[in-house]
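# quick one: sequence and predicted model below, then my questions.
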Amino acid sequence: MKKNLLLLAIFVLTAMVFTSCEFNDSPSTPVLTPYKTTLERTIMIDVVNIGSALNSVYLDLISDSTERAKYAEALLSNTRFLPDDMGYFYVESLSGYCIVDAAVPAIKGLYRMDQTTPNGQYYVRDMINAAHYRGHGWVNYDFKNPVTQKTEKKSGFVSAIPAAEWYVGSGYYASETEGKSGLTENAREDFEYQWFVHTMAQGMAGISAAYAEDPEFISRAYKTMVHHINFDSHGSGYFFVYNLQGVVIAHGATPSLEGKNLIDYQDAKGNFVIQMLIDKVVNEGAGFVDYYWLDPADQQVEGKRAYVEKIEGTDWFVGSGFYHVTD
């Protein structure tokens, strides 16, 4: 999986460099990332995050295939991301069976190896080949858009779940990028982190609801997932989970903090960081908070901007953020 993430990072960075060169007309002109590039990057990282979350839980906590399917369904059935909730996830086996499809629950358990598009493309086989041979990849095909009710070009990104010999995927329709303006670097990061956290918050809410009678399992599952997700450079790209009293439930960068109450923690400028995060969740349910935090990449205290969201049905919230914020 580390190799897969490295390859994904190289691909994304290459795309970003190309985009920057294309739009950098003059020093005074803001560098804009096309919406399509941001959308694709968001989908890729979100899919890899979910794949890593499922794979880690399957390796450490769940070995039975039926129970694995139950966990995937709990995590993904009610999880949506992107504007207008257009983003959803599906999990299928490398042998061609649907494990869970958040958009079309009725196909769960069906054999789909022979499914074709209107023009005869075996798109499920293409997804299986991408996951099996490359670990991840894009598959382009024609599909009926449930919103427009028209057959459109669709791009799906899949990532392998090796422990189960399954894969997880998501995608977008061509019409979703039409008329969308490019994003500045700050807007791009805000867009991405909001949806990464929103995805995890919904998934964790599903886990909490499905396993409500086993709180110990829920806690272990949360920790297992966040311990094995890292999706960005410079020390960013990890998730943290706190309760509303300030206790660290799970921390992807510094697991040694787990169990500690940081309610009175102050950053370099005297901000009560955890109280700020809690206030945002309590008062608004979700949102961005700016503060200062130790960057694990260089061990320096730097500006950080995090997005946090309440995990519905619990008194916990999940968040993630990025460093090098300018005042």
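Noted; the coordinates are in hand. Being a predicted model, the structure only gives us computed values, none of them experimental. Numbers count the residues shown, from 1 in each chain.
# would you check that residue 185 makes contact with residue 33?
Yes - between residue 185 and residue 33 a contact is recorded at 7.3 Å, counting by C-beta atoms under 8 Å. Bear in mind the C-beta positions are built from the backbone N, C-alpha and C, glycine included.
# quick one, what contacts residue 232?
Listed by C-beta atoms under 8 Å, 6 or more residues apart in numbering, the contact set of residue 232 reads 45, 322.
# picking up where we left off before, more neighbours, residue 185 and residue 33?
Shown here are residue 185 and residue 33; by other C-beta atoms under 10 Å, residue 33 has more neighbours (21 against 13).
# so what sits opposite the more buried one in the bridge?
In this structure, residue 33 bridges to residue 183 when assessed by DSSP bridges.
# helices of the protein, start to end?
Taking DSSP state H to define them, one finds helices in the chain at 2-23, 35-60, 65-76, 123-129, 185-210, 215-227, 273-284.
# nearest to residue 320, of these?
Evaluated over the helices of the chain, closeness to residue 320 peaks at helix 185-210, with 5.3 Å, by C-beta to C-beta.
# mind checking pLDDT for residue 206?
The predicted structure scores residue 206 at 98 on the pLDDT scale.
# hmm, back to that, looking at the helices of the chain, which is closest to residue 295?
Residue 295 lies closest to helix 273-284 among the helices of the chain, at 14.0 Å (C-beta to C-beta).
# looks like residue 269 contacts residue 292 (just checking).
Yes - using C-beta under 8 Å, residue 269 is in contact with residue 292, at 6.1 Å.
# gap between residue 308 and residue 168?
When distance is defined by C-beta to C-beta, to the nearest Å, residue 308 is 24 Å away from residue 168.
# that should have said residue 311, apologies.
Taken as C-beta to C-beta, the spacing of residue 311 relative to residue 168 amounts to 20 Å.
# before we move on, what about residue 126?
Residue 126 sits at a distance of 16 Å from residue 168 (criterion: C-beta to C-beta).
# ok, these two, which is more surrounded?
Neighbour tally, residue 126 and residue 168, criterion other C-beta under 10 Å: the higher count belongs to residue 168, 31 against 18.
# beta partners of that one?
In this structure, residue 168 bridges to residue 91, residue 159 when assessed by DSSP bridges.
# need the contact list for it.
With contact taken as C-beta under 8 Å, 6+ apart, residue 168 is in contact with 47, 50-51, 54, 72, 76, 89-91, 158-159, 161.
# show me the strands in the stretch 201-327 of the chain, by range?
In the stretch 201-327 of the chain, strands defined by DSSP state E, counting those that start in this stretch lie at 240-243, 248-251, 286-295, 300-310, 316-323, listed in chain order.
# which of those strands is buried the deepest?
Per residue and on average, the most neighbours among those fall to strand 316-323, with a mean of 25 (mean count of other C-beta atoms under 10 Å).
# and it, average pLDDT?
Here strand 316-323 scores 94 as its mean pLDDT.
# which residues sit against it?
Strand 316-323 is contacted from outside by 189, 193, 196-197, 200-201, 204, 232, 234-244, 249, 277-278, 281, 293, 295, 297, 302-311, using C-beta under 8 Å, 6+ apart.
# that one pairs with which strands?
Neighbouring strands of strand 316-323 in its sheet, by DSSP bridges, are strand 240-243 (antiparallel), strand 300-310 (antiparallel).
# quick one: neighbours of the closest residue in space to residue 35 that isn't next to it in sequence, just the number.
Nearest residue to residue 35, sequence neighbours excluded (C-beta to C-beta, 6 or more residues apart in numbering): residue 180, at 3.6 Å. For residue 180, the number of neighbouring residues by other C-beta under 10 Å comes to 13.
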